[in-house]
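Chemist: got a structure for you, letters missing:
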């Protein structure tokens, strides 16, 4: 064993209680970091997977991000011009030349496309009614863009074609109406059109906002119900690589001018909350490790004070200042490594304990989950260990530097 390491271990063994407290402080910081990271990453990963799984990756809408410039703004571009009170032009909503746009997008590699006409409607079953968002879809294209078929708990997507006036509703809609597969409901649109539909399927995505408000019919039936013949108001796109969603959305919007949103843009507020959530977590765990670092600083400072004569003797024997500094930095590093290893055990135990927790009712946001959503990843263990080792080493560096600067002559004279 190297002499510096042997001396460092000897100092720590002589102060077992303080060393144990410091190691436990680091272990708790690393363990809580691993446990909290697993808990928060589990929910965040679940949410992102649900968004990617349930919704299309890119959606083109029948609206524009910026209104058209007025003639006076075009005539005096860059001039001191202000236009007020301009009302939007009364135009027929819908994506123009949708067929050509669908063909152009579908020709891109790794891209699946589906048209949709969406609008509000009122579903009525007996004395009960509920407002829904009716989506007119093409089943063959829809199954390539969304996982509606996988989310169906009853019925099949093909039943929309094989059944006259078939409709698929979310499980929340069916519960509000008190209806089930095979029942006939009446749909009333804002255009005043009334139409009867037979429930042929029920979907449960796990996202309450979708399950409690969505209904799907054939595209042509939606166009009749909403009185918008041959019109679609959105083009949904699914990509083989979800990371290409944002660049593709910007490219399509620049070409076709229609507002095009990626899944990141649509959920930017929630994704921003995840950033704040992670910052809070890192701050709390950092505070725990900072307290542990002060404990390490305290024990190394005490050892330096008590071992002043030993330091003088070591220097008189030929130890350089760098050798003395290395001894006390090693003490901090040893505490950091021991704390990190113990913290791994604390983290594993905390994750397993959280995995055993069960709830009678999880709540309205997450359905079908009876416990915590935990992510079991390796990087929190590595990150926690690195953070602990750095904090422990830095905490030990200050008293170690002071120890290396001690003058052995003054120490010996003072002792005499």
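Modeler: On my side now, so go ahead. Bear in mind the structure is a predicted one, so any value in this text is a computation, not a measurement.
Chemist: Which residue ranges of the stretch 1-150 of the chain form helices?
Modeler: For the stretch 1-150 of the chain, the helices defined by DSSP state H, counting those that start in this stretch cover 3-14, 16-54, 71-75, 98-106, 139-145.
Chemist: Got the domain ranges for the protein?
Modeler: Domains of the chain are assigned by automatic domain parsing as 3-52+270-415, 94-232.
Chemist: want to throw these into TSV with distance to residue 252 and mean pLDDT?
Modeler: Just so you know, the C-beta spots here come from the backbone N, C-alpha and C atoms, and that holds for glycine as well. Listed next are those as TSV, based on distance: least, CB to CB, whole Å; pLDDT from 0 to 100:
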stretch	distance to residue 252	mean pLDDT
domain 3-52+270-415	19	74
domain 94-232	7	89
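Chemist: need the contact list for the residue most central in space within the chain.
Modeler: Closest to where the C-alpha atoms of the chain average out (CA atoms, centre = their mean) is residue 44, at 3.5 Å. For residue 44, the contact set (CB atoms under 8 Å, 6 or more residues apart in numbering) comprises 274, 277.
Chemist: can you check residue 93 too?
Modeler: Residues in contact with residue 93 (CB under 8 Å, 6+ apart) are 62-63, 231, 233.
Chemist: For these, give me TSV that also has distance to residue 184 and neighbour count.
Modeler: TSV is the format used below for the contacts of residue 93 (distance: CB to CB, whole Å; neighbours: other CB atoms under 10 Å):
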residue	distance to residue 184	neighbour count
62	31	19
63	35	12
231	26	21
233	27	21
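Chemist: Restricted to strands, list the residues you listed.
Modeler: Under the assignment DSSP state E, the contacts of residue 93 contribute 62-63 to strands.
Chemist: ok, the contacts of residue 93 vs residue 5, which is closest?
Modeler: Proximity of the contacts of residue 93 to residue 5 was ranked by CB to CB; the top entry is residue 63 with 68.6 Å.
Chemist: Can you give me the neighbour number for the residue lying closest to the closest one once chain neighbours are set aside?
Modeler: Leaving aside its chain neighbours, residue 63 sits nearest to residue 259 (5.0 Å; criterion: CB to CB, 6 or more residues apart in numbering). Neighbourhood size, residue 259 [other CB atoms under 10 Å]: 17.
Chemist: ditto for residue 383
Modeler: Applying other CB under 10 Å, we find 16 residues neighbouring residue 383.
Chemist: if we can go back for a sec, next, the contact list for the residue nearest to residue 63, please.
Modeler: Contacts for residue 259 (CB under 8 Å, 6+ apart) come out as 60-61, 63-65, 253.
Chemist: partner strands of the lengthiest strand in the chain, parallel or antiparallel?
Modeler: The longest strand of the chain (DSSP E) is strand 111-125. In the sheet, strand 111-125 lines up against strand 128-137 (antiparallel), strand 184-188 (antiparallel), strand 234-239 (antiparallel) (DSSP bridges).
Chemist: Let me have those in a markdown table, extended by distance to residue 335 and mean neighbour count.
Modeler: Converted to a markdown table, these look like this (distance: least, CB to CB, whole Å; neighbours: other CB atoms under 10 Å):
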| stretch | distance to residue 335 | mean neighbour count |
| --- | --- | --- |
| strand 128-137 | 59 | 19 |
| strand 184-188 | 68 | 18 |
| strand 234-239 | 49 | 22 |
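Chemist: now these as CSV including distance to residue 107?
Modeler: Shown next, in CSV, are those (distance: least, CB to CB, whole Å):
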stretch, distance to residue 107
strand 128-137, 21
strand 184-188, 35
strand 234-239, 12
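Chemist: Of those, give the one that comes closest to residue 147.
Modeler: Of the strands paired with strand 111-125, nearest to residue 147 by CB to CB is strand 234-239, at 9.5 Å.
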